[in-house]
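sequence first, predicted model second:
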Amino acid sequence: MKMSIHGKQLVITDAIREYAESKIGRVEKYHDGIIELAVSLSAVRLKTGNYHTAEVLAYLGGSTVKATCTEEDLYAAIDQVTDKLEGQLKKHKEKIQDAIRSREPIVRKMKYNPDTMVVEKEAAADVVKVYLPPKPMSIEEAILQLEILKKVFFPFTNADTGEMNIVYKRKDGDYGHIEPEKK
C-alpha cells in the first residue's frame, strides 16, 4: 500500500509524518483492497481560532473512500480521521461481501458430457443430472415430449444433425429452440 502525505499551509515535520503514517497506516487491516492512501493535512486560521484539517482519500480497486475531520489540534484531527476511515472501510468491505453472497446462488455453471449425454452442474456436492432420451428425435417430437412431461425445457438429440438441442417454452406461450453454432 502506497501512502502520500501532503501539507497545505502547513510544514510536515518528521514527527507529524511518522505519527500520521503509524496511525493512518493501521487502516490497512480493515480492507485488503487499498491501493493508495492520499493524506492531506492543512492549517486554517478562522475568527474562532486556528484549526487543522486532516483529509484522507483511500483508493480501492474501482472506488474511493474519503474521510475528513477538523480539530484545533492536528494530532486529534489525525486520530479522528483514522477512526472515521476505519468505519467507512469496514462498511465498504461488508457491502462487497454481501453483494458477493447474494449473487452466489444465481451463478451456476452447466457442463454437457457428450459421451454420457448428461448435463451436469459443476459444484461440490450438488449435481443436477438431465438425461437425454436415447433415440434421436425431430424438433416437433421434442416439443410434444416437453408438453407431455410438463417441463420448462427439454434437451434432446436432433435427428437431422445428431447434436444436442434444447426446446423450451417461452413466457409468451411460444416455443424456443437452441442448437449449437455451426462452424
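Now that the structure is in, tell me what you want to look at.

between the two ends of stretch 38-54, how far is it?
11 Å (C-alpha to C-alpha, to the nearest Å).

which parts of the protein are helices?
14-25, 74-103, 139-149 (DSSP state H).

can you tell me which of these comes nearest to G61?
Closest approach to G61 among the helices of the chain (C-beta to C-beta): helix 74-103, 9.8 Å. For every residue, glycine as well, the C-beta is placed using N, CA and C.

list the buried residues in the closest one.
Of all the residues in helix 74-103, those buried under the rule 16 or more other C-beta atoms under 10 Å are 74, 77-82, 84-86, 88-89, 92, 96.

packing partners of that helix?
Packed against helix 74-103, as judged by 3 or more C-beta pairs under 8 Å, 6 or more residues apart in numbering; DSSP states H and E, are the following elements: helix 14-25, strand 34-46, strand 49-60, strand 63-71.

winner for burial among these?
Comparing the helices and strands packed on helix 74-103 on average neighbours per residue, with mean count of other C-beta atoms under 10 Å, the densest one is strand 49-60 at a mean of 18.

list the neighbouring strands of that one plus their orientation.
Next to strand 49-60 in the sheet, as set by DSSP bridges, lie strand 34-46 (antiparallel), strand 63-71 (antiparallel).

wait, which of the buried residues of helix 74-103 is closest to V65?
When the buried residues of helix 74-103 are compared for distance to V65 (C-beta to C-beta), Q88 comes out closest, at 4.9 Å.
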